[in-house]
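*Asks:* Sequence unavailable; structure follows:
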């Protein structure tokens, strides 16, 4: 997951749909990794799938489980709420 995430952040102009697909697979392999779910939601948002991104972010934040990107997830959720689905 770290390799996928680092690559995605290194080149945000890259193929966000491919990144979202890879991150979805990472979530399937590590379903309890909240950080992986967060990065998947970001990739979905960047590839224009805002309703999917919002759904994942809302689930992450409602769960109240700690994860390193919680504050960033809140900001992304607010951004996703302002954009069309």
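*Replies:* Thanks, I have the structure now. Remember, predicted model here, so these are calculated numbers, not experimental data.
*Asks:* what sits against the residue positioned nearest the centre of the chain?
*Replies:* For the chain, the residue whose C-alpha lies nearest the mean C-alpha position (CA atoms, centre = their mean) is residue 41; its distance is 2.2 Å. Listed by CB atoms under 8 Å, 6 or more residues apart in numbering, the contact set of residue 41 reads 52-53, 56-57, 60, 73, 76. Yep, even glycine has a C-beta here, placed from its N, CA and C like the rest.
*Asks:* for it, helix, strand, or coil?
*Replies:* For residue 41, the assignment made with DSSP: H, G, I helix; E, B strand; the rest coil gives helix.
*Asks:* And it, how far from residue 83?
*Replies:* Here the criterion is CB to CB, to the nearest Å. By it, residue 41 lies 13 Å from residue 83.
*Asks:* quick revisit: show me the one in the contacts of residue 41 that has more neighbours than the rest.
*Replies:* The residue in the contacts of residue 41 with the most neighbours, by other CB atoms under 10 Å, is residue 57 (27 neighbours).
*Asks:* Which strand or helix spans that one?
*Replies:* Assignment of secondary structure by DSSP states H and E places residue 57 within helix 50-63.
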